[in-house]
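Trainee: next come a sequence and a model predicted from it.
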Amino acid sequence: MIDAFNIYNRMEKNHILLSFKGDITADLLTSILQIMEYKMDNLNEVPKTKRKVYNVLVECLQNLYHHSDETKLDFNDANKGAIFMIAKNELSYDIITGNFVGNKSIEPLRARLDKVNSLTKEELKEYYKTILNNGVTSLKGGGGLGMIDIARKTGEKLEYNFLEIDDKVSFFTLIIKVSQPQLI
């Protein structure tokens, strides 16, 4: 039997405002954004922080929606599921996403993330313009701007990890910190 109270306590201890596991759909994206807008209103969050969190949420959820690889796993016939959590502590909102990726996708993704993490604020701005102006889109319709945009908006490095599930599939975790203004 599932110990719901233990799960509740762990979520409370980790300041989880919202948690989801399952298939990411367009309707779900809208619902999550509405829920978080409501929660931030109830927390009396300052408009600048609300805007930043909302914009980063949009990018993270769109990444999950567009880039969750449909994979065949031994323990599940077809899995396009993902996880999404948002936590709030004194210093930041932490947005955590996770989804399955094919192992052949890892190195190109890692290279893009490392490139974004290696750039200064000004270099990110120039890199964004370069990608935007080159007009190249991926097979999934994006131009690769999402992670750059997240890094630009947050001013933080993108934390990520790949956990190998088997020789074909890994689980990709991304953690984004959206800092809150500190009151003096």
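Mentor: Noted; the coordinates are in hand.

Trainee: skipping its backbone neighbours, what lies nearest residue 43 in space?
Mentor: Nearest residue to residue 43, sequence neighbours excluded (Cβ to Cβ, 6 or more residues apart in numbering): residue 88, at 7.3 Å. In this view, the C-beta of every residue, glycine as well, is placed from N, C-alpha and C.

Trainee: and that neighbour, how many residues sit next to it?
Mentor: 19 (other Cβ atoms under 10 Å).

Trainee: for residue 31, see how far away residue 7 is.
Mentor: Counting by Cβ to Cβ, to the nearest Å, the gap from residue 7 to residue 31 is 21 Å.

Trainee: ditto for residue 169
Mentor: Residue 169 sits 28 Å away from residue 31, going by Cβ to Cβ.

Trainee: the two: who's more crowded?
Mentor: The neighbour count for residue 169 versus residue 31, taken as other Cβ under 10 Å, is higher for residue 169 (19 against 12).

Trainee: just for this structure, where's the confidence low?
Mentor: 1, 68-80, 135-143, 182-184 (pLDDT under 70).

Trainee: could you redo the last one with a cut-off of 80?
Mentor: 1-2, 67-80, 135-144, 181-184 (pLDDT under 80).

Trainee: what ranges does this structure have for its strands?
Mentor: Listed in chain order, the strands of the chain (DSSP state E) span 16-23, 71-73, 76-79, 81-88, 92-102, 159-164, 169-179.

Trainee: for the longest helix along the chain, the distance to its chain's centre please.
Mentor: Identified as the longest helix of the chain according to DSSP state H is helix 47-67. Offset of helix 47-67 from its chain centre (Cα atoms, centre = their mean, to the nearest Å): 8 Å.

Trainee: got it, and stretch 97-112?
Mentor: Here the centre of stretch 97-112 is set off from its chain's centre by 13 Å, with Cα atoms, centre = their mean.

Trainee: okay, and the beta partners of residue 179?
Mentor: Listed by DSSP bridges, the beta-bridge partners for residue 179 are residue 92.

Trainee: surely it and residue 94 touch.
Mentor: No - the pair residue 179 / residue 94 is not scored as a contact, 10.3 Å apart, by Cβ atoms under 8 Å.
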